[in-house]
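J.: The sequence isn't on hand, but the structure is:
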């Protein structure tokens, strides 16, 4: 016993090192699996404040672009105004109202921090659980998809960008609805790969790629990007499509968070049928 | 002693802010990621007790991880860096040890010494960091290229910082 203690004392440096490494690996694995239990992340008040101050300065440099974009979006939204529609006083149309139930609600937030050049990229936004955000909500930009919420604190949330090695978003071709997961290969922040597209699909450069209802997170039909090129690798039954993202993730200042009101219902249903089949 | 402590704390805050506020907005493409905050571990006094060195490296990594949302990643790399620093310093020490009052800078120790010291440690840090980040061997050549280019980038940056801020003594 005494020898053992002496051994530990003599090599205390190595043991402290190994212990700390072990701690790091535990942290890394926890980060993959759980949420909300971190010692420190970008939703922390101090960290988020630093980012917010820095982004407040940065945002002045892109005011013009941002203005143009908002004006464009305003024009589109004006098309949906009640005053842009002619009133058709028919009773049938009124009844139709009850057919629709709002499924998605949108909330806007400001990006206080974003990265594009790491293998797993994150954004921090200035809205959190106080604004009703929670894990796995979709984050979109008027021009395209941005990512999925990973962690929330009271007033901030950290978002896994689509440029993340673990993010897979189910997407489809607008033309014929062939779908597959969208992943990022880490090469260029402007391009993602759409995999598993069946070879009978007729692809063309410039075809639009949108989100699919299958993702369960993004509403169907949100713009993702356009086809840049595609290839069929040897011995594979599927195309791998290079998609040019429609949104410039380096320049996203404002984003929308999509709340899916039916998500809990859908999740619990899917879980239920899964456990039933497991029995 | 106390002034040393305060100096190190200020250096820590300045380097972390430099990393997260300024350097993070420099985009040099997918292959060059600058991590000049490692200069803090490089410039800790030679006399730092070795276990304290590990703990300080660990905390540095954790703060950076907090900013980058990468739990444990920078922490692991920094701890390894602190660990190797101890052995590297012993390996490349002058015959009669390090003179008290000298710091790990180009100014005090010369460029060749600094290149072998900082170069090795930055390479170790980046190697461990980029492999842990990807966590698989699938993109090995791309990862190796990232390690090499980023290490060169970080070293150049760190050298520039030292050149700008630690060359006062010559003028005296």
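T.: Right, received. Where do you want to start? Computed from a predicted structure; not experimentally measured. Residues are numbered from 1 along each chain as shown, chains lettered A, B, ... in the order given.
J.: Check which helix or strand residue B:84 maps to.
T.: Per DSSP states H and E, residue B:84 falls inside helix B:73-91.
J.: ok, and does that helix reach over to chain A?
T.: Yes - Helix B:73-91 comes into contact with chain A (C-beta under 8 Å from any C-beta of the partner chain), by way of B:73, B:75-76, B:79-80, B:83, B:86. Heads up, the C-betas are built off the backbone N, CA and C, glycines and all.
J.: and that helix, what other elements does it pack with?
T.: helix A:12-33, helix B:38-42, helix B:50-68, helix B:111-134 (3 or more C-beta pairs under 8 Å, 6 or more residues apart in numbering or on different chains; DSSP states H and E).
J.: Would you mind listing what in chain B touches chain A?
T.: Residues of chain B lying near chain A (C-beta under 8 Å from any C-beta): B:17, B:20-21, B:24-25, B:27-30, B:33, B:50-51, B:54-55, B:58, B:61-63, B:65-73, B:75-76, B:79-80, B:83, B:86, B:132-134, B:139, B:142.
J.: Show the subsequent helix or strand relative to the helix or strand hosting residue A:123.
T.: Using DSSP H and E, residue A:123 sits in strand A:122-125. Using DSSP H and E, the helix or strand that follows strand A:122-125 in sequence is strand A:138-141.
J.: re earlier: make JSON lines out of the residues of helix B:73-91 next to chain A and add neighbour count and pLDDT.
T.: Shown next, in JSON lines, are those (neighbours: other C-beta atoms under 10 Å in any protein chain shown; pLDDT from 0 to 100):
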{"residue": "B:73", "neighbour count": "25", "pLDDT": "89"}
{"residue": "B:75", "neighbour count": "28", "pLDDT": "93"}
{"residue": "B:76", "neighbour count": "25", "pLDDT": "94"}
{"residue": "B:79", "neighbour count": "32", "pLDDT": "94"}
{"residue": "B:80", "neighbour count": "24", "pLDDT": "95"}
{"residue": "B:83", "neighbour count": "22", "pLDDT": "93"}
{"residue": "B:86", "neighbour count": "17", "pLDDT": "91"}
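J.: Between the residues you listed, which sits nearest chain A?
T.: residue B:76 (3.7 Å; C-beta to the nearest C-beta).
J.: wait, what's in contact with the most centrally placed residue in chain B?
T.: The centroid of chain B falls nearest to residue B:38 when counting by C-alpha atoms, centre = their mean (2.3 Å). The contact partners of residue B:38, by C-beta atoms under 8 Å, 6 or more residues apart in numbering or on different chains, come to B:78, B:81, B:121-122, B:125, B:154, B:158.
J.: For the nearest residue to residue A:244 once chain neighbours are set aside, report the pLDDT, please.
T.: Closest residue in space to residue A:244, ignoring its immediate chain neighbours: residue A:228 at 4.5 Å, by C-beta to C-beta, 6 or more residues apart in numbering or on different chains. On pLDDT, residue A:228 comes in at 90.
J.: Secondary structure of residue A:228: a helix, I assume?
T.: No - counting by DSSP: H, G, I helix; E, B strand; the rest coil, residue A:228 falls outside a helix, being strand.
J.: Distance check, it against chain B.
T.: In this structure, residue A:228 and chain B are 17 Å apart, going by C-beta to the nearest C-beta, to the nearest Å.
J.: can I assume that residue is in contact with residue A:192?
T.: No - counting by C-beta atoms under 8 Å, residue A:228 stays clear of residue A:192, with 9.8 Å between them.
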